[in-house]
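*Asks:* Kindly generate the corresponding structure for this input.
(2 chains)
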2 protein chains.
Amino acid sequence: MAVSERQLEPLPLTQVRITGGFWKGRLDTNRTKTIPHIYRMLEQTGRLGALRLTYRPGDPEPPHIFWDSDIAKWLEAASCSLATHRHPALKKRLDATIALLAKAQQPDGYLNSHFTTVEPEKRWTNLRDGHELYCAGHLIEAGVAHFEATGERTLLDIVCRYADYIDSVFGPGKRTGYPGHEEIELALMRLYRASGRERYLRLAGYFIDERGREPHFFDAEAEARGEQPFRHRHGDRTLRYWQAHLPVRRQREAVGHAVRAMYLYAGLADLAAATGDEPLLAACRRLWQNVALRKLYVTGGVGAHHHGESFGRNHALPNESAYAETCAAIGLVFFAHRMLQIEADGVYADVMERALYNGVLSGVGLDGRTFFYVNPLASVGDHHRQRFFGCACCPPNLARLLASLGTYLYSAAADALYVHLYAASRATADVAGRTVTVTQETDYPWDGHVGLTLNLDRSAKFSLRLRVPGWCKEFTVKVNGNPAAARVRKGYATLRRAWNDGDTVTLTLAMPVERIVAHPAVAEDLGRVALVRGPVVYCLEQCDHQAPVRRVSLPDEARLTARFMPRVLGGCVVINGAGLAPSPSGWKEALYRRAEAVGPARTTKIRAIPYALWDNRKVGPMTVWMPRA
Amino acid sequence: MAVSERQLEPLPLTQVRITGGFWKGRLDTNRTKTIPHIYRMLEQTGRLGALRLTYRPGDPEPPHIFWDSDIAKWLEAASCSLATHRHPALKKRLDATIALLAKAQQPDGYLNSHFTTVEPEKRWTNLRDGHELYCAGHLIEAGVAHFEATGERTLLDIVCRYADYIDSVFGPGKRTGYPGHEEIELALMRLYRASGRERYLRLAGYFIDERGREPHFFDAEAEARGEQPFRHRHGDRTLRYWQAHLPVRRQREAVGHAVRAMYLYAGLADLAAATGDEPLLAACRRLWQNVALRKLYVTGGVGAHHHGESFGRNHALPNESAYAETCAAIGLVFFAHRMLQIEADGVYADVMERALYNGVLSGVGLDGRTFFYVNPLASVGDHHRQRFFGCACCPPNLARLLASLGTYLYSAAADALYVHLYAASRATADVAGRTVTVTQETDYPWDGHVGLTLNLDRSAKFSLRLRVPGWCKEFTVKVNGNPAAARVRKGYATLRRAWNDGDTVTLTLAMPVERIVAHPAVAEDLGRVALVRGPVVYCLEQCDHQAPVRRVSLPDEARLTARFMPRVLGGCVVINGAGLAPSPSGWKEALYRRAEAVGPARTTKIRAIPYALWDNRKVGPMTVWMPRA
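*Replies:* Alright, predicted model coming up:
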């Protein structure tokens, strides 16, 4: 096993069941509200109908170039849901949709509702903008997810035929190309792992290494279309939008469209892990470092700029104008999860967890039927979740991630079981030649107590590795009620011993309210603090306050208390304290005044709520970063 | 005289000479460097050549739709320069350019290099985007300025013919329309005052009152071109870009493209003043209040957003991404100057002065040959002045404003002489039936002492009204060396007496360094201070500092001292003090940390320089608003 191959294997979804606590409620909503809602939207907007290929030139509302990807993500969400919950009606819908796809697939394997019906002559003529390989990637992911969740090959066979066809078109000695929106790379790697067929690995590698090579393919294909190459009109810098400005292995900075970047990096990690390609893994580490240390919101959001839905320069993290697309935070979870399996280092799990509880989860309302596409860290009150979007990438992406959440909790190594995320759950793993069942009881993230019970058919020696999050400064571990020494290495406390059936482990993570400051180069956050407790980032929402929340500052010495409120926002821990509101008097006739002429600030009660839960009550302003006073 | 007619008349340029001090140096640079530089640019870029009308379809580089306006603004700058300084070579260039315009004028009076040569069939078919009336307005202003500066009618006659032709085309019973870029309104008002011809007043009134009426003219003309009306594609809100969303008299909020808005409002003020139209004046006051109390940068910049070069919502005043176009600050000076003449209230002069010393003057480098189009209040170091722009509105706009600065200093009323701005100068005014010469000696704005000497042929009783700026909390006045009581009313200290030849007045304005705070609704400035001294806003520029300037905070109790440095930036007062720089240690591996884990800030020397003078030395970051510590 090369050093760069992955050290951990996530437990498959079918072996993990989330049984209660924080996530159970959100996943139930995802299953019973979000997945059916998205299906209705796919129907109502014509996306599902488009698969019937009945569109004829001149008809209104031609199938859009990325509609198929929305269907694919719904298929993946539905499949994952079926992995853990029986639901005959959902299975029927899923099978019917797969049947539509089977009929829509062309004799050569091609499968795309837009290019088959609207512009058949333009197949593969505009990889930069056409989203064909992107849609193909999502279909492939759906096929793998469906197979892994249900054991059925119906969709897998379809996507294998499609992937085989794509493989017959692109590659050395065939057509040159790579997608304008990355996604197929990681999808082919999933298909490779599910099928064992090396051609998918090779094709993923081809798309990855072709990217950014000179002469630039996007120029060549533009010229072939009779168009002026994009960068002749807009300059070389714009190739950064597609991460096509440099060969991927030479990229050091996360640039361009954030979702594209995240999907690409996840694909790179997959390829590096599968091939033991150390230089490629080094590129992954560099890109990770750049994101995690220079371009990451405290919420786990990435992609600061509305313009191009893109990364900004290092430390450019505006709050009110933050883009932080839900899909980008989801993509970051994909990237983090892959790096975690490769490196078995808690720094990846820390970011993954931060994104899951904040910048990802904010994407969906408590009703399960409204969604943020953009996740700002401050609002004047004009930003609200919507039922769907014309460009509807985020809702089904959320649905599939939440439906597959179980697989993010645990990993197995040769003789170790890793617990990455704390959530009431029951999982079965094969470790050290034994079948181990872990039952986890916890109210995390509202409470730092985690109880684990191990059940084994026979006792076995292996390491239980419990993540001690980077935010946690104190913890205790007990085994069968007795304090246990557990050194933390790379973010995991290791208990190595011969485990017996019924052994219990108790982990207690101290979870005080913390004031967080940003790197001083983050101009917007200078002199400000954010409140976090455990993995949860907090915000002030106007409906809890008298003073305008975006004006409230927080004295360094102000006492803050955390309290679980069962009736607030479905039950959550809120943080109470006293802030300062600037004196409102004297401002009627002035926009600027001498500092000494302004009256003293007044003490005002503050209540912070989890960021992910904002915009679920009365509409109004919100803020994460408060000035220090 | 109706209450709304203007109370003051500015002294004409020919009667005011700036003789020394702060402005003399900048105006000399404007005359000897900027005006010749812009002429060269007009030549090199083909703008002047375009007036020869030699462009034929198919030739490269067709004359652009707003090139004529750049020439017009240069003509105005050159004319104003000749009003105060003899310069035969410049006069020759001016006359030659006027001769080109005379030849370019069509038999019917039309005068536009683009629409005459490039798209003659499209004359008046796209007032929204074509800039025809905008260019016409600037030519008219140039004609009036040339006449007033030189007494010659060559250019005035040309623009009267053009205005007469426009008047024959537009108005009740003629073609409907109003410009997409306002400017002709205020120009026609200037032409009306210069010529006494009421038709120009009526035409200005027509353009103003037609604006924003339903059905919307921009829709009708789009349909006439066979295009979909703009707002059908982009929604009603977008009419705000052109201030065409509502009839002008019903507008209460400054919206849309900031330069357009400022030119419109200046035109409204002119029309209201000339006609005693109280409802229109009320609209001017409302719009002024909205700008001054909700949408004005501390530098006098307006138009916060890059998108549409437009006003943001109330209190949305981002610093690093501020647009604050130089032309918009200039337009604000126009609007303020007009309101000042109407209302004789120092609040207008305060804003005018703030803009002149900061957001306007920052537009031009000390070399007189480099220009900011955009004037942010913070920079990472990537914003620099340029020699010219494809859209080159700002450089000649600056040149004409600076060349005409003398006229902003004084106004005459029936029996009063107003001093609005303090600058070493000599002016002659007719007051109370006497000719009064005022000689002003001062190092303002570096020093608050102003000495005035009055010379009269015979003694006369009138009021001398000296502006006491809003920023000034203490002042003293002496007449002939003796302390004099002078009550301040509407921003002016009034000395009413019989004045004799040789009388002297000394005004001393206390000018301490002040910390300014912004209205707490300005989210970006919350918890921050800006330094000002007198009318001058200060900034920190990286080249004066060791610590990264955008991280430096300023303790409320830190002592700040002002000192004139003759060798710094051509001689200016700098502010020295001690700030705090965040501890740089511990940030290598983190983007966010617990506040208590971060080491204490370190004291660091700071030196603030006048904002208008930044980017004249070594390139680097800059900031105006510092966090309070």
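
*Asks:* what comes up buried for stretch A:104-115?
*Replies:* A:104, A:105, A:106, A:109, A:110, A:111, A:112, A:113, A:114, A:115 (16 or more other Cβ atoms under 10 Å in any protein chain shown). Where you see a C-beta, it was placed from the backbone N, CA and C, and this is true even at glycine.

*Asks:* a strand runs through the third one, doesn't it?
*Replies:* No. With DSSP: H, G, I helix; E, B strand; the rest coil as the criterion, residue A:106 is coil rather than part of a strand.

*Asks:* ok, it - contacts?
*Replies:* By Cβ atoms under 8 Å, 6 or more residues apart in numbering or on different chains, the contact set of residue A:106 is residue A:116.

*Asks:* Phi and psi next, for it.
*Replies:* Note on residue A:106: backbone dihedrals following degrees, to the nearest 10 are phi -80, psi 160.

*Asks:* Spell out the residue ranges of the helices in the stretch 351-500 of chain A.
*Replies:* Under the criterion DSSP state H, counting those that start in this stretch, helices of the stretch 351-500 of chain A are mapped to A:394-403.

*Asks:* how about the most centrally placed residue in chain A, phi and psi?
*Replies:* The residue lying closest to the centre of chain A (Cα atoms, centre = their mean) is residue A:330, at 1.5 Å. Main-chain torsions, residue A:330, degrees, to the nearest 10: phi -60, psi -40.

*Asks:* how much space between it and chain B?
*Replies:* 20 Å (Cβ to the nearest Cβ, to the nearest Å).

*Asks:* Now tell me which helix or strand of chain A has the poorest mean pLDDT.
*Replies:* helix A:230-234 (a mean of 63; mean pLDDT, DSSP states H and E).

*Asks:* Compute the inter-axis angle for the helix or strand following it and helix A:394-403.
*Replies:* Downstream of helix A:230-234, the next assigned helix or strand under DSSP states H and E is helix A:258-275. Between the axes of helix A:258-275 and helix A:394-403, defined by axes from the mean of the first three to the mean of the last three Cα atoms, to 10 degrees, the angle is 40 degrees.

*Asks:* Check which helices and strands helix A:258-275 sits against.
*Replies:* With contacts taken as 3 or more Cβ pairs under 8 Å, 6 or more residues apart in numbering or on different chains; DSSP states H and E, helix A:258-275 sits against helix A:184-195, helix A:198-210, helix A:278-294, helix A:326-343.

*Asks:* Export these as JSON lines, with columns for distance to residue B:218 and mean pLDDT.
*Replies:* Output for these, formatted as JSON lines (distance: least, Cβ to Cβ, whole Å; pLDDT from 0 to 100):
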{"stretch": "helix A:184-195", "distance to residue B:218": "45", "mean pLDDT": "97"}
{"stretch": "helix A:198-210", "distance to residue B:218": "47", "mean pLDDT": "98"}
{"stretch": "helix A:278-294", "distance to residue B:218": "45", "mean pLDDT": "98"}
{"stretch": "helix A:326-343", "distance to residue B:218": "37", "mean pLDDT": "98"}
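
*Asks:* Does residue A:111 touch residue A:139 like I think?
*Replies:* Yes. At 6.4 Å, residue A:111 counts as touching residue A:139 under the criterion of Cβ atoms under 8 Å.

*Asks:* The residue nearest to the centre of chain A against residue A:395, yeah?
*Replies:* No. Look at residue A:330 against residue A:395 with Cβ under 8 Å: they stay out of range, at 11.1 Å.

*Asks:* Distance-wise, check the closest residue to chain B within the stretch 1-150 of chain A relative to residue A:46.
*Replies:* Ranked by Cβ to the nearest Cβ, the top residue of the stretch 1-150 of chain A for proximity to chain B is residue A:60, at 16.7 Å. In this view, residue A:60 and residue A:46 are 10 Å apart by Cβ to Cβ, to the nearest Å.

*Asks:* which of these two has more neighbours?
*Replies:* Per other Cβ atoms under 10 Å in any protein chain shown, whichever of residue A:60 and residue A:46 has more neighbours is residue A:46, with 16 against 6.

*Asks:* Report pLDDT for the residue nearest to the more buried one when sequence neighbours are not counted.
*Replies:* Closest residue in space to residue A:46, ignoring its immediate chain neighbours: residue A:61 at 5.9 Å, by Cβ to Cβ, 6 or more residues apart in numbering or on different chains. Per-residue confidence (pLDDT) for residue A:61: 87.

*Asks:* now swap in the one 4 residues further on and tell me
*Replies:* According to the model's per-residue confidence, residue A:65 sits at a pLDDT of 96.

*Asks:* quick one, strands of the stretch 301-450 of chain A?
*Replies:* A:378-379, A:410-413, A:416-419, A:425-431, A:434-442, A:449-456 (DSSP state E, counting those that start in this stretch).

*Asks:* Select, out of the ones you listed, the one closest to residue A:626.
*Replies:* In terms of Cβ to Cβ, the element of these nearest to residue A:626 is strand A:378-379, at 10.1 Å.

*Asks:* what's the average pLDDT for the closest one?
*Replies:* 98.

*Asks:* And that strand, what does it pack against?
*Replies:* strand A:622-623.

*Asks:* Tell me the helices and strands packed up against whatever helix or strand comes next after the strand it packs on.
*Replies:* Downstream of strand A:622-623, the next assigned helix or strand under DSSP H and E is strand A:626-627. Counting contacts by 3+ Cβ pairs under 8 Å, 6+ apart, strand A:626-627 packs against strand A:528-533.

*Asks:* Quickly check: the strand it packs on near chain B or not.
*Replies:* Yes. Using Cβ under 8 Å from any Cβ of the partner chain, strand A:528-533 reaches chain B at A:528, A:529, A:530.

*Asks:* Report the contact partners of the last one.
*Replies:* Translated: residue A:530. Shown in contact with residue A:530 (Cβ under 8 Å, 6+ apart): A:298, A:515, A:516, A:517, A:518, A:537, A:538, A:624, A:625, A:626, B:592.

*Asks:* Check the second one too.
*Replies:* With contacts defined as Cβ under 8 Å, 6+ apart, residue A:529 is in contact with A:515, A:516, A:517, A:554, A:625, A:626, A:628, B:595.

*Asks:* just to revisit the earlier point, how much space between the residue nearest to the centre of chain A and residue A:359?
*Replies:* Taking Cβ to Cβ, one finds residue A:330 at 9 Å from residue A:359.

*Asks:* again, but for residue A:188
*Replies:* Distance from residue A:188 to residue A:359, counting by Cβ to Cβ: 27 Å.

*Asks:* How about residue A:379?
*Replies:* 14 Å.

*Asks:* Which one's more surrounded, the two?
*Replies:* residue A:359 (31 against 24).

*Asks:* And the pLDDT at the more buried one?
*Replies:* On pLDDT, residue A:359 comes in at 98.

*Asks:* pretty sure it is in contact with residue A:375, am I right?
*Replies:* Yes. If you go by Cβ under 8 Å, residue A:359 and residue A:375 touch, sitting 5.5 Å apart.

*Asks:* any residues in contact with both of the two?
*Replies:* Joint contacts of residue A:359 and residue A:375 (Cβ under 8 Å, 6+ apart) are A:299, A:301, A:324, A:326, A:329.

*Asks:* and the closest residue to the fourth one other than its chain neighbours, how many residues sit next to it?
*Replies:* The shortest distance from residue A:326 to any residue other than its chain neighbours is 3.4 Å, reached at residue A:363 (Cβ to Cβ, 6+ apart). Applying other Cβ under 10 Å, we find 27 other residues in the vicinity of residue A:363.

*Asks:* who touches residue A:363 in this structure?
*Replies:* With Cβ under 8 Å, 6+ apart, residue A:363 has these contacts: A:326, A:329, A:330, A:371, A:372, A:373, A:375, A:394, A:398.

*Asks:* Neighbour-wise, which one of those leads?
*Replies:* residue A:329 leads the contacts of residue A:363 on contacts (other Cβ under 10 Å) with 33 neighbours.

*Asks:* And that residue, how far from chain B?
*Replies:* Residue A:329 is 15 Å from chain B, by Cβ to the nearest Cβ.
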